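*Asks:* Take a look and give me a structure for this.
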Amino acid sequence: MTPADQNHVVQRVAQLAAAQANVDPRTVHDETHLCNDLHFDSLDQVEFVMTIEEEFGVRVSEERAADVRTVADVADLILQESAVVGANPPVTR
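*Replies:* You can find the predicted model right below:
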């Protein structure tokens, strides 16, 4: 995967996180913390994981989901899961 593809994933995750938190997408970046900055509660986290799975065609275990804290963590997880299944760059809508 190219750096441009990785950057696209980070940007898309930031957009999705902003939508989930109902905040201006321009305020969300790779180091934005999902709980501390966007105030995700446990329900938000579950819904966000479901959105990510649908958007990028990956499956995220509860254990892996518990380890993510920032937008960059989510993007890294997507990229890792995509590589594990031998997928092409994630397909986004």
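*Asks:* Helices of this structure, start to end?
*Replies:* Listed in chain order, the helices of the chain (DSSP state H) span residues 3-21, 42-56, 62-67, 71-84.
*Asks:* give me every residue that touches the nearest residue to Thr32 once chain neighbours are set aside.
*Replies:* Spatial nearest neighbour of Thr32, excluding adjacent residues (CB to CB, 6 or more residues apart in numbering): Val71 at 5.0 Å. In short, each C-beta sits where N, CA and C put it, glycine included. By CB atoms under 8 Å, 6 or more residues apart in numbering, Val71 lies in contact with Val10, Val13, Ala14, Ala17, Val28, His29, Asp30, Glu31, Thr32, Leu34.
*Asks:* Can you say which of the residues you listed are buried?
*Replies:* Val10, Val13, Ala14, Ala17, Val28, Asp30, Thr32, Leu34 (16 or more other CB atoms under 10 Å).
*Asks:* for those, which one is nearest Arg59?
*Replies:* Val13 (16.1 Å; CB to CB).
*Asks:* so what's the closest one up against?
*Replies:* Val13 makes contact with Ile52, Val71, Val74, Ala75, Ile78, according to CB under 8 Å, 6+ apart.
*Asks:* what does Val10 give?
*Replies:* Neighbours of Val10 in contact, by CB under 8 Å, 6+ apart: Asp30, Val71, Ala72, Ala75.
*Asks:* Apart from its neighbours in sequence, what residue is nearest the first one?
*Replies:* This points to Asp30. Using CB to CB, 6+ apart, the nearest residue to Asp30 is Ala72, at 4.1 Å.
*Asks:* I'd say the one you found and Leu34 touch.
*Replies:* No. Ala72 lies out of contact with Leu34 (CB atoms under 8 Å); the separation is 10.7 Å.
*Asks:* Many thanks, we can stop here.
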